[in-house]
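Engineer: next one to model:
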Amino acid sequence: MARKGTHLTEEHKAQIRAKLKGRPLSAETRAKMSAARRGRYTRDEVRYRGAHDRAREHMAGSCGHCGADDRRLTVSLRHDTPVENLRVETTGCNARKPYSCDPADYITLCYSCHKLHDIREAPWLADVA
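Structural biologist: Numbering: from 1, shown residues only. Model (predicted):
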């Protein structure tokens, strides 16, 4: 019977860790633990970083502008994304940055094209900001 409200001793915690070490985990369990450890999305409501992580999982294998596949690839929000799909981060270092929860609203770009893509004026920035 579990003793609610009692704390385990360090020795007991070490024994539990030793027993569990090396046990096989299902792929589903490993994926959940990995996502939780990185603070990623676990449901449909995601924030700026989680939306980009989700888009990276659906990323194409080459740049959407120049076609290069040998460079480091990133994802960027498409400039033609409908305003109704956009959300705006309200806190932290990504405050006031628009994002979309739909991976289809992102384009795969190499680093060079990503910089050029971000420099061009995004028509939806005026509507969101």
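Engineer: show me where this protein has its strands.
Structural biologist: Taking DSSP state E to define them, one finds strands in the chain at 73-77, 86-88, 98-100, 106-110.
Engineer: mean confidence for stretch 60-79?
Structural biologist: Averaged over stretch 60-79, pLDDT sits at 86.
Engineer: residues touching it, excluding its own?
Structural biologist: For stretch 60-79, contacts defined as Cβ atoms under 8 Å, 6 or more residues apart in numbering pick out 52, 55-56, 59, 98-100, 105-114, 116-118, 120, 122-124. (Each C-beta comes from the backbone N, C-alpha and C, glycine too.)
Engineer: just the buried residues of those.
Structural biologist: Burial by neighbour count, 16 or more other Cβ atoms under 10 Å: within the contacts of stretch 60-79 this picks out 52, 55, 59, 98-100, 105-110, 113-114, 117, 122, 124.
Engineer: gap between stretch 86-97 and the chain center?
Structural biologist: Averaging C-alpha positions (Cα atoms, centre = their mean, to the nearest Å) puts stretch 86-97 14 Å from its chain's average.
Engineer: any idea how far apart the tips of that stretch sit?
Structural biologist: In stretch 86-97, first residue to last residue: 10 Å (Cα to Cα, to the nearest Å).
Engineer: all set, thanks.
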